[in-house]
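Participant: Sequence and computational prediction follow.
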Amino acid sequence: MRTPRVLFFVEGFTDVRFVTGLSQICDLTMCVPADQFVESRLKSRIADSGARVRIHEIAGSRLDYQRRSLRWLWQHVGEFDAVLSQELLRGSLNATLAGWLRGVPVITYMAIAPIEYFRCRRERRQIGALTCWFGEGIIRTLMFVNGRLSTRCVALGPYLRPIAQRYCPRTELGLYYGVDTSVFRPASAEERQRLRARRNLPQDKFIIFFSSRMSHEKDPETVLRAAALARSQGLDAIVINLGGGYERFVALANDLDLPESSRWVLGRPAAHPVSEVADYFRASDVMALASLAEGLGLSPLEALACGTPVVATAVGGMALQLPRVARLTPRREPAAMADEFLWIARHPQEARAQALLGREMVVRDWSREKAFHDLACVIDDVCAQRRQAAA
């Protein structure tokens, strides 16, 4: 059977691991916004990966991209067997509309809870009540229209699936790029020492890894305050953040007026997700993810695959996916998170045993191989239905 020709339509950012996996299950073309493609380093990472993918870059602002990409889609969408488009929001509207009008199936991929994430802006007082109300209305409208025009929707994890099904009844469970358990794997005590030396991390500190980007739905304040509380009770801890907004993370610790934060709060640019980031998970004593809202969070799964204990907020997909394999704490409760840091430091063997149970779950349910096998089945099924309808 011929390899399906798939257009991956990207409105913002995406992960190179998803792109490389897609390139292995289909004949892949990407349509991307030129500026974000370079700024996110996705362009160089795809080039370095050797993935077989054709790229069409569209320059200009968001509105320019919306206009120019619709024109490009109208001209070229018929060249593909299917379109895969990110989320159910503005970026997908062009893809679902062009696909519906030209008879090309469109698979939308939902990886966040859009309304919950948007409400976090209001909670952080970044927007007012009227803007929040108006914005939610637009989001719901876009999700309704894209859901109805989509041939199929794939939702990341069991928490997001019923949310997506409200708008697209034909929703499948997806795993995004999954976890490469051959890379994210447990490290012995000796390996951890070598990894810390390789990444210039202190050998004698309790390392808390906050791997998330700085975004309105994340809660770095709770992680920082929890670490400060644990330090005040004798835990010699440091917190490290990797990402494009790491400077904001370091500045936040200073803004919170945490004692001697310059000594124990570290920030570094984003590590390469394939060749570098696993070293930080494997070298750390705990991975912490505090969020105001969370569709799932693949970072905790990557940490568990490494046998690294996880402390996370019991919200969204993490509350559904991580009980029994991670230490879950209430939303915006630094004291509860500090208690978990202290428990892990005092009970390292029990904490690691719990994390290794999590690794078993990841290997069974969230592997990279399963993620792309399942997605390939969805693409093949959509393409087969199109062929049957045309016959």
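Facilitator: Yep, it's here. Note that the coordinates shown come from a computational prediction; the quantities given were computed from them, not determined experimentally. Residues are numbered from 1 along each chain as shown.

Participant: CA only for contacts and neighbour counts going forward, please
Facilitator: OK.

Participant: hang on, residue 28 in a strand?
Facilitator: Yes: counting by DSSP: H, G, I helix; E, B strand; the rest coil, residue 28 is found in a strand.

Participant: what's around it, how many residues?
Facilitator: Neighbourhood size, residue 28 [other Cα atoms under 10 Å]: 23.

Participant: so what's it bridging to?
Facilitator: Taking DSSP bridges as the rule, residue 28 bridges to residue 6, residue 53.

Participant: ok, and the closest non-adjacent residue to residue 218?
Facilitator: residue 291 (4.2 Å; Cα to Cα, 6 or more residues apart in numbering).

Participant: Just list the residues touching the closest residue to residue 165 other than its chain neighbours, thanks.
Facilitator: Counting by Cα to Cα, 6+ apart, residue 165 lies nearest to residue 171, which is 5.7 Å off, once chain neighbours are set aside. Residues in contact with residue 171 (Cα atoms under 8 Å, 6 or more residues apart in numbering) are 152, 153, 154, 155, 161, 164, 165.

Participant: Out of these, which is nearest to residue 249?
Facilitator: Ranked by distance to residue 249 (Cα to Cα), the contacts of residue 171 are led by residue 155 at 29.7 Å.

Participant: Does the closest one belong to a helix, a strand or coil?
Facilitator: Here residue 155 is recorded as strand under three-state DSSP.

Participant: Next up, the contacts around it.
Facilitator: Contacts of residue 155 by Cα under 8 Å, 6+ apart are 109, 110, 111, 161, 164, 171, 172, 173, 174, 175.

Participant: in the stretch 251-391 of the chain, which segments are predicted with low confidence?
Facilitator: The model of the stretch 251-391 of the chain has pLDDT under 70 over residues 391.

Participant: residues of stretch 322-333 that come out buried?
Facilitator: 322, 325, 326, 327, 328, 329, 331, 332 (16 or more other Cα atoms under 10 Å).

Participant: my read: the third one touches residue 355, true?
Facilitator: Which is residue 326. Yes: counting by Cα atoms under 8 Å, residue 355 is a contact partner of residue 326 at 6.7 Å.

Participant: Give me the common contacts of the two.
Facilitator: Common neighbours of residue 326 and residue 355 (Cα under 8 Å, 6+ apart) are 309, 310.

Participant: Helices of the stretch 201-350 of the chain, residue ranges please.
Facilitator: 220-232, 246-255, 261-264, 277-283, 298-305, 316-321, 334-346, 348-365 (DSSP state H, counting those that start in this stretch).

Participant: can you give me the helices for the stretch 1-150 of the chain?
Facilitator: With DSSP H, counting those that start in this stretch as the criterion, the stretch 1-150 of the chain has helices spanning 16-25, 34-39, 42-49, 62-76, 90-102, 114-123, 129-149.

Participant: closest one to residue 368 among those helices?
Facilitator: helix 16-25 (8.3 Å).

Participant: ok, back up a step: can you put the buried residues of stretch 322-333 in CSV and add distance to residue 104?
Facilitator: Converted to CSV, the buried residues of stretch 322-333 look like this (distance: Cα to Cα, whole Å):
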residue, distance to residue 104
322, 38
325, 42
326, 42
327, 45
328, 43
329, 45
331, 43
332, 45
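
Participant: What is the most widely separated pair among the residues you listed?
Facilitator: Across these (Cα to Cα), the longest gap, 20.6 Å, separates 325 and 332.

Participant: Give me the phi and psi angles of the residue nearest to residue 165.
Facilitator: Torsion angles at residue 171 (phi, psi; degrees, to the nearest 10) stand at phi -110, psi 130.

Participant: what's the angle from the lengthiest helix in the chain to helix 348-365?
Facilitator: In the chain, assigned by DSSP state H, the helix with the most residues is helix 368-390. Inter-element angle recorded for helix 368-390 and helix 348-365: 20 degrees (by axes from the mean of the first three to the mean of the last three Cα atoms, to 10 degrees).

Participant: and helix 368-390, what does it pack onto?
Facilitator: When contacts are defined as 3 or more Cα pairs under 8 Å, 6 or more residues apart in numbering; DSSP states H and E, helix 368-390 sits against helix 16-25, strand 82-86, strand 171-174.
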